[in-house]
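Novice: What follows is a protein structure lacking sequence information:
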């Protein structure tokens with residue numbers, strides 16, 4: 001962090017600088033109120049250590065002026081006149097803590113530690129509130145599908161290690177949910193989980209978002225900005241859709257992964273961050289490497305542990321359970337009493353291919369709950385596209401999973417394939433049977449008598 005020290009005693013300034021810089025912080029020292037206000041106007045600070053009795057100035061009067069220039073500034077006050085009254089007055093004017101003079105280096109470290117811990121707790125509370133309002137529904141990772149079970153087993157085995165993890169899978173399969181669950185099961189779980197969406201910004205803005213920038217680095221950079229890397233220090237940095245990361249930024253990310261070093265945009269100073277990196281993509285990164293769109297060395301650095309998240313169409317045993325959970329969540333949210341899905345509605349849900357995966361299923365169930373009038377979700381409550389858009393949509397009288405014979409299902413399947421194929425030979429090839437067998441089955445379906453000797 002960048003820390004401003006305001007004290008008229010040189011020994012106090014020197015001691016405080018030694019303590020703070022020894023634990024990795026950047027410091028600037030001033031000795032009076034005017035110099036402090038000038039520094040605040042020209043630079044951005046995270047914390048200030050302020051003496052309450054400056055030569056010719058009152059630290060108590062200066063304190064609100066500092067906060068007016070930077071409302072996010074956190075001020076710890078020094079006072080040689082330690083008393084309940086001065087402490088209470090300093091807190092009333094906006095200080096977060098105070099240290100009596102004379103002090104020891106350990107008192108400085110403890111005060112700073114309390115402040116950092118309070119920051120972490122505020123960030124944690126804000127994160128939990130956000131998750132409760134938007135993502136609590138998605139955190140159930142129980143599954144009955146072997147492929148998903150294998151993926152989660154691999155992921156959680158790696159969660160307790162410092163290894164970088166790459167989550168692979170189609171858009172909407174829940175990669176961000178898995179990433180957050182990995183953080184919750186890691187040694188970094190008490191620290192921040194910070195997400196960067198790589199396709200969301202231009203190259204210049206993405207670099208600033210990721211690494212931060214110095215004041216004046218570009219038009220509009222009126223203050224220093226902490227990047228997501230700094231915010232995630234000690235925690236987890238989740239890089240969503242890493243396949244979209246511009247080539248110009250890739251070497252900088254590689255340096256962060258290998259050396260734990262980075263620089264803000266417009267600044268030459270090397271900074272350090274210890275972050276656990278989890279990335280995700282719906283792209284084929286190996287192909288991107290071959291085409292020169294992704295660095296090979298970065299690919300291998302991210303690909304230490306790769307976890308393939310299966311699409312929803314490959315999780316038929318989970319689909320209805322997930323849909324039911326969404327139904328319960330949105331029913332409660334909308335104040336409705338809905339008692340599940342009818343058998344016909346369940347068949348439609350199971351036969352649709354869900355190209356948008358979990359995200360699409362969630363949106364469909366939310367829409368359905370809002371529009372439903374009865375106590376049970378029927379087929380008519382579901383969007384028409386679920387029946388029209390799926391090659392497995394139910395045909396009149398025959399539904400997969402319904403109480404029908406294998407012969408009826410075979411007949412329906414052969415009929416559909418023959419309608420789609422341009423020739424009988426093509427239909428036979430799709431069905432995996434000979435052309436003669438297909439002709440025979442076609443005659444049986446039409447009720448034609450078999451030729452003598454056939």
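Specialist: That came through, no problem. All values derive from a computational prediction rather than experimental measurement. Numbering: from 1, shown residues only.
Novice: tell me the domain ranges of this structure?
Specialist: 2-116, 148-310, 313-388, 406-446 (automatic domain parsing).
Novice: Report the contact partners of residue 374.
Specialist: Applying C-beta atoms under 8 Å, 6 or more residues apart in numbering to residue 374 gives the contacts residue 381. (Each C-beta comes from the backbone N, C-alpha and C, glycine too.)
Novice: What's the first helix or strand after the longest helix along the chain?
Specialist: Looking across the chain with DSSP state H, the single longest helix is helix 105-134. Using DSSP states H and E, the helix or strand that follows helix 105-134 in sequence is helix 146-159.
Novice: Tell me the spacing between residue 164 and residue 306.
Specialist: 10 Å (C-beta to C-beta, to the nearest Å).
Novice: re the thing from before, show me which residues of the longest helix of the chain are buried.
Specialist: 108, 111, 112, 115, 119, 123 (16 or more other C-beta atoms under 10 Å).
Novice: swap in stretch 231-251?
Specialist: Buried, per 16+ other C-beta under 10 Å, within stretch 231-251: 231-233, 235-245, 249-250.
Novice: Which pair in those residues has the greatest spatial separation?
Specialist: Across those, the longest distance by C-beta to C-beta is 25.1 Å; it joins 233 and 243.
Novice: Just the buried positions in the strand or helix carrying residue 348, please.
Specialist: According to DSSP H and E, residue 348 maps onto helix 343-351. Using 16+ other C-beta under 10 Å as the test for burial, helix 343-351 gives 344, 345, 346, 347, 348, 349, 350, 351.
Novice: ok, now stretch 180-197?
Specialist: Under 16+ other C-beta under 10 Å, the buried positions of stretch 180-197 are 180, 181, 182, 183, 186, 188, 191, 192, 193, 194, 195, 196.
Novice: Give the closest residue to residue 199 in space, chain neighbours not counted.
Specialist: Once flanking residues are discounted, residue 199 sits nearest to residue 244: 4.0 Å by C-beta to C-beta, 6 or more residues apart in numbering.
Novice: show me the contacts for the one you found.
Specialist: 198, 199, 283.
Novice: Weed out the non-buried ones from these.
Specialist: Among the contacts of residue 244, those scoring as buried are residue 198 (criterion: 16+ other C-beta under 10 Å).
Novice: just to revisit the earlier point, strands - which of the buried residues of stretch 231-251 land there?
Specialist: When the buried residues of stretch 231-251 are checked against strands (DSSP state E), the matches are 236, 237, 238, 239, 240.
Novice: and the closest residue in space to the fourth one that isn't next to it in sequence, how far is that from residue 285?
Specialist: Once its chain neighbours are removed from consideration, residue 239 has its nearest residue in residue 279; the separation is 4.2 Å (C-beta to C-beta, 6+ apart). Remark: distance between residue 279 and residue 285 (C-beta to C-beta) = 10 Å.
Novice: With neighbour numbers in mind, choose between the two.
Specialist: Using other C-beta atoms under 10 Å as the criterion, residue 279 and residue 285 rank with residue 279 on top: 26 against 21.
Novice: Look at the more buried one and give its secondary structure.
Specialist: Secondary structure assignment for residue 279 (DSSP: H, G, I helix; E, B strand; the rest coil): strand.
Novice: Please give me every residue in contact with it.
Specialist: Going by C-beta under 8 Å, 6+ apart, residue 279 touches 164, 165, 166, 167, 238, 239, 240, 242, 302.
Novice: same check, this time on residue 187
Specialist: residue 160.
Novice: Show me the shaky parts of this protein.
Specialist: Across the chain, the ranges flagged by pLDDT under 70 are 81-84, 126-139, 388-403, 420, 422, 447-454.
Novice: at 80 what do you get?
Specialist: 55, 79-88, 119-140, 215-224, 373-374, 387-404, 416-423, 426, 445-454 (pLDDT under 80).
Novice: coming back round to it: of the contacts of residue 244, which is the nearest to residue 311?
Specialist: Nearest to residue 311 out of those is residue 283 (C-beta to C-beta; 14.8 Å).
Novice: Thanks a lot, see you next time.
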